[in-house]
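Asker: coords please:
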Amino acid sequence: MSSSRLIYFCILSMSAAHLRRVDPQWSLDSAEYLSETVSTLRKQLANIITDAQTISPTRKSVEQTLLGVIMLGMSTSWHGTSGLGLEHIQGSRALFQRYIYRTSDDIAPSNWPKLSFYLGLQAYWESIASFLLDQDMGQLDSLHTACTSLPVEANRVNPWTGVDSTLWVLLAKAGCLVRKRRTLLLKKQTQILEDDGTEFQSYIGILDQQAIILEQQILTYTTSDISRFEATQDNQTIISHLELIARCCRFAALLELYRAFSSTCNVIAGLRVLMITDGEWLGDAVAQTYLDIPGAFRALALGMLKILRSIPKDSNTKCLHSLLLLIAGSALSIGLIGDTRERYHCRPGLVDASPTSATQSHEQPMQEPAGFPSETAENDDSFTCATLITRTAPMASDSLQFWRGFVQERMTYLEGAINLDGMRRIKTILSKVWDYNDSLTVSPADNDLVGFVHWIDIMEAYELEFLF
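Answerer: Residues are numbered from 1 along each chain as shown. Take a look at the predicted model:
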């Protein structure tokens with residue numbers, strides 16, 4: 001901070017933006033620091049471009065500028081009316097590629113901590129941005145390659161991606177495909193594509209192939225061995241919590257991919273493959289005769305939520321929970337993950353209306369419905385998600401409301417702890433997704449998810465885009 005004017009103003013800008021939410025008098029300072037940060041970044045980028053034409057820019061200048069543009073991009077939305085900062089992501093990618101190119105000549109152990117740090121920063125930003133921007137998945141190839149080619153010994157605990165940055169890149173790729181397919185369907189509906197459907201089918205065919213490849217990448221990827229990591233020296237951010245986040249991230253990538261490409265990917269077979277590495281969270285649910293595509297969604301969504309529920313809510317990993325809660329929570333619609341043999345009517349009220357909603361004090365334990373695991377069972381090593389799914393299949397309204405209440409309660413806690421507007425927006429998105437999807441009438445034979453709204457649709461329809 002003391003050696004970089006850019007980083008100095010980035011930190012002042014972020015601090016003032018956060019303080020303005022508590023005291024509006026900081027609003028002017030927030031705007032001034034943001035303006036100074038942008039101005040300083042512009043000058044520093046110009047210097048790098050000039051140096052590149054004559055001499056090679058120093059690694060230090062590239063590192064500082066890369067860190068600055070990521071910090072600015074990820075915190076721009078904190079300033080209220082300044083947008084989401086996504087205009088900076090292309091510059092960040094270019095700087096990151098230059099940084100990787102410069103570092104590839106000297107991947108000495110002394111450079112591993114910084115390299116791992118920047119990989120994680122870029123991976124997390126891309127994972128959020130992928131659900132906000134229409135872009136080609138190929139934009140992430142260089143980052144994916146950098147993550148997977150990093151020596152095993154070089155991996156370090158990262159404040160943004162925990163113990164595994166690669167899984168966040170895979171989640172980002174899933175986000176790209178989800179948006180790409182959504183955009184194509186919208187174009188078809190508005191007849192922007194050729195009327196005979198040839199162009200549409202060609203594009204969809206390409207996406208289907210990409211989805212199949214990505215599915216295999218997610219399923220076959222071997223997560224980092226946590227025994228290689230040094231202790232964090234932070235009782236609120238222990239390695240086991242970060243390992244759970246990595247597992248949850250894999251589930252999230254698959255859930256998003258399968259929801260968009262359920263007729264392309266072999267969802268049931270994929271879930272059984274996942275049993276090999278994550279069976280403790282899925283149990284033997286994949287062997288149940290009632291398991292179909294909605295049942296697979298149920299297994300993934302409830303597996304994610306059980307993982308997040310096992311992490312204390314005051315864990316310092318909480319900044320990584322919001323996107324995962326949104327992905328899992330948005331699947332909690334009776335027609336989407338309920339048993340296809342029987343439907344239950346369950347139309348939720350507003351976020352603040354339900355007795356099991358987030359308005360209840362997070363200091364009071366949530367009351368679980370009959371048949372749900374008690375806290376004793378939760379701490380019992382023999383209790384797995386299989387027990388949970390067996391007890392909740394078909395997914396009745398009390399079970400559904402329990403998990404919705406859990407998601408709402410956690411999001412309310414995050415809203416208070418992190419104090420960023422994005423948390424409130426996620427709560428609103430979830431409420432509207434549940435309300436819309438529960439109003440649909442689905443035939444027991446329906447298995448193609450036609451008509452179900454995705455959280456991206458709600459986010460854009462109500463201008464609830466977020467970045468944090």
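Asker: state the number of residues packed around the residue lying closest to residue 176 once chain neighbours are set aside.
Answerer: In space, and not counting its chain neighbours, residue 176 is closest to residue 137: 4.2 Å by C-beta to C-beta, 6 or more residues apart in numbering. Just so you know, the C-beta spots here come from the backbone N, C-alpha and C atoms, and that holds for glycine as well. Close neighbours of residue 137, defined as other C-beta atoms under 10 Å, add up to 21.
Asker: can you list the domain ranges for the protein.
Answerer: The chain breaks down into these domains under automatic domain parsing: 1-106, 112-217+243-253, 266-468.
Asker: where exactly do the helices run in the stretch 151-300 of the chain?
Answerer: Assigned by DSSP state H, counting those that start in this stretch, the stretch 151-300 of the chain shows helices spanning 165-189, 198-220, 239-260, 267-282, 293-310.
Asker: could you say what helices and strands the fourth one packs with?
Answerer: Counting contacts by 3 or more C-beta pairs under 8 Å, 6 or more residues apart in numbering; DSSP states H and E, helix 267-282 packs against helix 198-220, helix 239-260, helix 293-310, helix 385-392.
Asker: closest one to residue 100 among the helices of the stretch 151-300 of the chain?
Answerer: helix 165-189 (13.1 Å; C-beta to C-beta).
Asker: and that closest one, which residues are buried?
Answerer: Residues of helix 165-189 classed as buried by neighbour count (16 or more other C-beta atoms under 10 Å): 165-182, 184, 188.
Asker: cool, and stretch 423-442?
Answerer: 423-438, 442.
Asker: among these, which are in helices?
Answerer: Among the buried residues of stretch 423-442, the residues falling in helices (DSSP state H) are 423-438.
Asker: which intervals of the stretch 101-250 of the chain have sub-threshold pLDDT?
Answerer: Counting by pLDDT under 70, the stretch 101-250 of the chain shows low-confidence ranges at 104-107, 192-196.
Asker: what is the neighbour count of the closest residue in space to residue 188 that isn't next to it in sequence?
Answerer: Once flanking residues are discounted, residue 188 sits nearest to residue 200: 5.0 Å by C-beta to C-beta, 6+ apart. Applying other C-beta under 10 Å, we find 17 residues neighbouring residue 200.
Asker: do residue 208 as well
Answerer: Neighbours of residue 208 using other C-beta under 10 Å come to 16.
Asker: was I right about it contacting residue 261?
Answerer: Yes - if you go by C-beta atoms under 8 Å, residue 208 and residue 261 touch, sitting 6.7 Å apart.
Asker: returning to that earlier point: take the helices and strands packed on helix 267-282 and lay them out in JSON lines including distance to residue 117.
Answerer: Listed next are the helices and strands packed on helix 267-282 as JSON lines, based on distance: least, C-beta to C-beta, whole Å:
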{"stretch": "helix 198-220", "distance to residue 117": "24"}
{"stretch": "helix 239-260", "distance to residue 117": "15"}
{"stretch": "helix 293-310", "distance to residue 117": "25"}
{"stretch": "helix 385-392", "distance to residue 117": "33"}
